[in-house]
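[1] kindly return the folded structure for what I paste below:
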Amino acid sequence: MAEESVIESTWSWRELPVLRALYAREEAAASVLPASTTADPSVDTPDDWERRGVQEIENLLAAVQGPPTPADEYASLAQVLAGATGLAADEVYRTLRRLHEAGYLVGERLLGPGLRAVGAWPNENTYEAILKVLERQIEAEQDPETKSKLRQLVTLLHGLGREVGTSLLTKLLERMTGLA
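    Numbers count the residues shown, from 1 in each chain. As a prediction, the model looks like this:
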């Protein structure tokens, strides 16, 4: 419990910048993947696709289920991230270890909680997030009729409550996207 309060009190100036720097590093690495990782049906055979698919699954499993990252790997990563965060390398190292132990990352890969923290994955509290988006839309809307309809929707969602509102929004989005 003491560890949780430490993370809360240092979140904005230490943990979150480290997560953001690590996410930026992941995104930069993903943008330079070699073209050969994409199957080309005109050149590749189904055996190539299967081999590549099996290898990708094995890589993902190794990243998620692998042993804890050795301390020396975090030390070298801390050196790299120190410049991006403005923190000392030893501070980044301790932060990486804490974030690993708290389930935010494995090695250099952000997990669900880490991705949510940097805004790359949706928050677990989707209902409140949608209400906030609707409130911002109401503020920005110029057309009085549309603004009124948005207000009615927000009022309806508040009246329904979290569980029913979330269920209703899910069904609405499924229909809008053709998934239902």
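[2] quickly find the element holding Y74.
    helix 71-85 (DSSP states H and E).
[3] and this protein, what are its domains?
    2-117, 126-177 (automatic domain parsing).
[4] mean pLDDT for those domains: which is lowest?
    Here the lowest mean pLDDT among the domains of the chain goes to domain 2-117, at a mean of 73.
[5] picking up where we left off before, any residues touching the helix holding Y74, and which ones?
    With contact meaning C-beta atoms under 8 Å, 6 or more residues apart in numbering, helix 71-85 is reached by 17-18, 21-22, 24-25, 88-93, 96-97, 100, 107-108. C-beta: built from backbone N, CA, C; applies to glycine.
[6] still on that earlier bit, any chance of the domains of the chain in TSV, with mean neighbour count too?
    Listed next are these as TSV, based on neighbours: other C-beta atoms under 10 Å:
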stretch	mean neighbour count
domain 2-117	14
domain 126-177	13
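[7] so where do the helices sit in this structure?
    2-10, 16-30, 46-65, 71-85, 89-101, 112-117, 126-140, 144-160, 162-177 (DSSP state H).
[8] let me know the angle separating the last one from helix 144-160.
    Computed with axes from the mean of the first three to the mean of the last three C-alpha atoms, to 10 degrees, the direction of helix 162-177 lies at 140 degrees from that of helix 144-160.
[9] same for helix 162-177, what does it pack against?
    If you count contacts as 3 or more C-beta pairs under 8 Å, 6 or more residues apart in numbering; DSSP states H and E, helix 162-177 packs onto helix 126-140, helix 144-160.
[10] try the second one
    Other helices and strands packing on helix 16-30, by 3+ C-beta pairs under 8 Å, 6+ apart, are helix 71-85, helix 89-101, strand 109-110, helix 112-117.
[11] would you list the ones you listed in JSON lines and tack on distance to Q137?
    Below are the helices and strands packed on helix 16-30 laid out as JSON lines (distance: least, C-beta to C-beta, whole Å):
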{"stretch": "helix 71-85", "distance to Q137": "34"}
{"stretch": "helix 89-101", "distance to Q137": "34"}
{"stretch": "strand 109-110", "distance to Q137": "29"}
{"stretch": "helix 112-117", "distance to Q137": "22"}
